[in-house]
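> from the sequence below, what's the structure:
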Amino acid sequence: MEDRELSKAQALVRLVQLLQRRGGIGAHELMNRFELDARTLRRYLADIADMGIPVAEEGHRDERVVSIDRAYARTGVQLTLAEALSLHFGRSLFTFLDGTTFAADMDDAIERLAPAIGRFPSDAGENLDRKFMAVPEHRKDYARDGELLDEVVSALLYSNPADAEYRALRGLPKLYRLEPYTLATYRQGLYVFARDVAEDRVKSFAVERFVRFSRLRRERFEYPADWDPRAYIADAFGITGGPVDDVVARFSAEAAPLIRERSWHPSARVEPLEDGGVRLRLRVAVAPELREWLLGFGAAVVVETPASLAGWVRDQHLAAARRYAP
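Residues are numbered from 1 along each chain as shown. Okay, here's the model as predicted:
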C-alpha cells in the first residue's frame, strides 16, 4: 500500500518511521509522499509531539528538515518464544477488527518486532497458525468504520469531548455531547463508555451505531481520577448496566453441568437440587444480555424471581410456541 493511501493512524506510524532516518527528512518530501498540504502536515507533526515523541525541525517552510532524536528509538529489544506467542495469539483474538486501522496497526507493530524475536531451537516457532487459534465468534464488521474509529480513539487519547449522533437498536437517531472514558470489547464488538454531558451520567454506546462522531480538537475535559470501568460494569451480566435485582433461576439436570463449570458473575451462587438440577442466584442488572442468555436455555430453565423477568421469559416462549403451531 502506498503512503498516500494510508489511514491517518497508519500514516502517523509511517511518519514516525521516516522521521527516524539519519539526518531526518524534508517537509516537501513528506507532503508529496502522503499527499498532504502544509497545514495538514503541521497537524500530523503536532499529533506526534502530543504523544511525547520529540520532533525537531530545522530550516524554513517547505524546505525545512524534520526529524526525531535518534536516542528516542527503542534499542536492545528481544522477545522470548512465549512473548512472541502471546503477541500472535493476542492478535488472533481481534479478527473482528480486520479491515480497520486497529488491525493494520497491530499487524505493523508485530511485523516491526519480528527482528527482535530470538532464535528458537528446532521448529518451535513454526506453524503457530495451526498450533494456536481463536475460534471466531459471530462478529461485528468495522471495516467501513475506520475514520470513525480514528476519531473515537483520538478523543480518548487526548481527552477531547465529541458531538455525536447515535442510533439505538430501536428508535430514531439522537444527538449527544459526550466525554469518552473507555473503549471496551465485548463479544467481538466495540463499546464506548462515555459521559452524556446533558444527563451527567455515564452510558455505554455500541461503536457501529454512531451515525456521526466528531471530536472537538480544541476542547479538553478533565478525565475523572475516580473513574473505574470495571466498577461501572460490576453489576452487569455483560456490557449493559442498569437497576440491580436479585435473580433466581432453576436449571434442569441436563443443563446443570454447564451452569456449574463456568463463573457467570461475581455474585453467582449455585445450589444443588434433589432432582440433579441446580438453582442459580445472581444479583445483577436485568438487561438484554441476561434475558437473551436465559432464553437460550429454552425449557431447561425456569426463572423464579423477579416476577417481571419470569413473566417476560414465559411470554417469549409462549409466543415462540404459537409461531410453530399448525
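> tell me how many other residues surround the residue lying closest to Asp50 once chain neighbours are set aside.
Residue nearest to Asp50 in three dimensions, not counting chain neighbours: Tyr158, with 6.7 Å by C-beta to C-beta, 6 or more residues apart in numbering. All C-beta atoms are positioned from the backbone trio N, CA, C, and that covers glycine. Residues near Tyr158, counting by other C-beta atoms under 10 Å, number 14.
> please, where are all the strands along this protein?
Applying DSSP state E to the chain gives strands spanning 25-26, 55-58, 65-68, 162-166, 174-186, 189-196, 201-206, 210-215, 244-251, 269-272, 278-285, 301-305.
> any chance of CSV for these, columns distance to Ile259, mean neighbour count and mean pLDDT?
CSV is the format used below for the strands of the chain (distance: least, C-beta to C-beta, whole Å; neighbours: other C-beta atoms under 10 Å; pLDDT from 0 to 100):
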stretch, distance to Ile259, mean neighbour count, mean pLDDT
strand 25-26, 61, 16, 90
strand 55-58, 56, 14, 86
strand 65-68, 55, 20, 88
strand 162-166, 36, 19, 96
strand 174-186, 21, 18, 94
strand 189-196, 25, 20, 93
strand 201-206, 27, 16, 93
strand 210-215, 36, 18, 94
strand 244-251, 5, 18, 97
strand 269-272, 6, 12, 96
strand 278-285, 5, 19, 96
strand 301-305, 9, 17, 97
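> among those strands, which comes closest to Ala319?
For Ala319, the closest of these is strand 301-305, at 15.8 Å, according to C-beta to C-beta.
> only alpha carbons, please: show the closest one as PDB.
In PDB, the C-alpha atoms belonging to strand 301-305 read as follows (Å, rounded to 0.1, in the frame of the first residue of the first chain):
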ATOM      1  CA  VAL A 301     -34.600 -23.100  32.800                       C
ATOM      2  CA  VAL A 302     -37.400 -21.700  34.900                       C
ATOM      3  CA  VAL A 303     -36.900 -18.100  36.200                       C
ATOM      4  CA  GLU A 304     -38.300 -17.800  39.800                       C
ATOM      5  CA  THR A 305     -37.600 -14.200  40.600                       C
END
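> between strand 278-285 and it, find me the angle.
Angle, strand 301-305 to strand 278-285, by axes from the mean of the first three to the mean of the last three C-alpha atoms, to 10 degrees: 50 degrees.
> strand partners (parallel or antiparallel) of strand 301-305?
strand 244-251 (antiparallel) (DSSP bridges).
> quick one: contacts of the strand it pairs with?
235, 259, 273, 277-286, 290, 294, 297, 300-306, 309 (C-beta atoms under 8 Å, 6 or more residues apart in numbering).
> any idea how far it is from the chain center?
When distances are taken as C-alpha atoms, centre = their mean, to the nearest Å, strand 244-251 is centred 30 Å away from the chain's centroid.
> offset the numbering so it begins at 23, please.
Yes, from this point I'll number from 23; that puts the last item at strand 266-273.
> export that strand to PDB, keeping only CA atoms.
The C-alpha trace of strand 266-273 is given here as PDB (Å, rounded to 0.1, in the frame of the first residue of the first chain):
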ATOM      1  CA  VAL A 266     -29.800  -4.200  40.000                       C
ATOM      2  CA  ASP A 267     -32.200  -7.000  41.200                       C
ATOM      3  CA  ASP A 268     -32.000 -10.400  42.800                       C
ATOM      4  CA  VAL A 269     -32.300 -13.000  40.000                       C
ATOM      5  CA  VAL A 270     -33.100 -16.700  40.900                       C
ATOM      6  CA  ALA A 271     -33.300 -19.400  38.100                       C
ATOM      7  CA  ARG A 272     -33.800 -23.100  38.300                       C
ATOM      8  CA  PHE A 273     -31.900 -25.300  35.800                       C
END
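> can you pull out the low-pLDDT segments for the protein?
Across the chain, the ranges flagged by pLDDT under 70 are 23-25, 92-107, 110-111, 115, 118, 121, 124, 132-151.
> please parse it into its domains.
With automatic domain parsing as the criterion, the domains of the chain are listed as 25-94, 103-153, 168-254, 266-346.
> output these in CSV, with distance to His160 appended to each entry.
Below are the domains of the chain laid out as CSV (distance: least, C-beta to C-beta, whole Å):
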stretch, distance to His160
domain 25-94, 26
domain 103-153, 9
domain 168-254, 7
domain 266-346, 13
